[in-house]
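**Q** Coordinates for the following, if possible.
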Amino acid sequence: GPIYTLVSDEFESKTLDSTRDVMVHFSTRWCGFCTVFLPVYESLGRGTQNVRTLVLYNFDLSENDPDPALNVTSFPTVMLFPAHNKTAITFGGERSVGAITDFLKAHVSLKFDQMSDGDLVSQDRKREILSSVDALRTGLAASGRG
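**A** Numbering: from 1, shown residues only. Next comes the predicted model:
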């Protein structure tokens, strides 16, 4: 899914949204580790595109100042702001899609599922998909093709 740009003026209103889990990637343009990590974060965005309860943001530290209370001292830093508890949780694991996905599964307020093809989906989206598959199967069976 999309990864949105987050700026200082909107930081609090976006991260404190109690209807969504919010992940923020703090980086700078001149940071080599950030450049290496960006494709991983973009892949995570694609893999979570059906998780309607999760929003991913990039926060460019070369143009914005984070709240000093967040204590962002190294780059890249990835933090999760869970929907029901807006105390930031800093990701400290391996910088891979799998490790970040496991971190999300452990810490999000609004749980999501993994489909048989590996795609991650919010629980409401999973119900929609399975309902559509059932309707398709029923239609095929009724037509004698199922």
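**Q** Could you use CA atoms for every contact and neighbour count after this?
**A** OK.
**Q** Run the chain-centre distance for stretch 118-130.
**A** 15 Å (C-alpha atoms, centre = their mean, to the nearest Å).
**Q** Please list the outside residues in contact with that stretch.
**A** For stretch 118-130, the surrounding residues in contact (C-alpha atoms under 8 Å, 6 or more residues apart in numbering) are 47-53, 111-115.
**Q** Same question for stretch 77-84.
**A** 15-27, 87-91, 104, 107-110.
**Q** what do you get if the cut-off is 10 Å, keeping everything else the same?
**A** Stretch 77-84 is contacted from outside by 14-27, 34, 41, 53-59, 70, 72, 86-92, 95, 100, 103-104, 107-110, using C-alpha atoms under 10 Å, 6 or more residues apart in numbering.
**Q** I'd like to know which of those are buried.
**A** Buried members of the contacts of stretch 77-84, counted by 16 or more other C-alpha atoms under 10 Å: 14-16, 18, 20-27, 34, 41, 53-59, 72, 86, 88-91, 95, 100, 103-104, 107-110.
**Q** related to what we said a few turns ago, okay, and which of the contacts of stretch 77-84 map to strands?
**A** Counting by DSSP state E, the part of the contacts of stretch 77-84 found in strands is 21-27, 54-59, 89-90.
**Q** need the longest helix for the protein.
**A** Determined from DSSP state H, the single longest helix within the chain is helix 123-142.
**Q** quick revisit: quick check on the contacts of stretch 118-130: which are buried?
**A** 47-53, 111-113.
**Q** Just confirm residue 78 is within a strand.
**A** Yes. The assignment for residue 78 (DSSP: H, G, I helix; E, B strand; the rest coil) places it in a strand.
**Q** what does the average pLDDT come to for the longest helix of the chain?
**A** The pLDDT scores in helix 123-142 average 84.
**Q** and it, C-alpha only, in CSV?
**A** Extracted as CSV, the C-alpha positions of helix 123-142 are listed here (Å, rounded to 0.1, in the frame of the first residue of the first chain):
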residue,chain,number,x,y,z
GLN,A,123,-9.8,-8.9,9.7
ASP,A,124,-12.6,-7.0,8.0
ARG,A,125,-10.9,-7.3,4.6
LYS,A,126,-10.3,-11.1,5.2
ARG,A,127,-14.1,-11.6,5.8
GLU,A,128,-14.8,-9.7,2.5
ILE,A,129,-12.4,-11.8,0.5
LEU,A,130,-13.6,-15.1,1.9
SER,A,131,-17.2,-14.1,1.4
SER,A,132,-16.5,-13.2,-2.3
VAL,A,133,-14.7,-16.6,-2.7
ASP,A,134,-17.6,-18.4,-1.2
ALA,A,135,-20.1,-16.6,-3.5
LEU,A,136,-17.9,-17.4,-6.5
ARG,A,137,-17.8,-21.1,-5.5
THR,A,138,-21.5,-21.2,-5.0
GLY,A,139,-22.1,-19.6,-8.4
LEU,A,140,-19.8,-22.1,-10.1
ALA,A,141,-21.4,-25.0,-8.3
ALA,A,142,-24.9,-23.8,-9.3
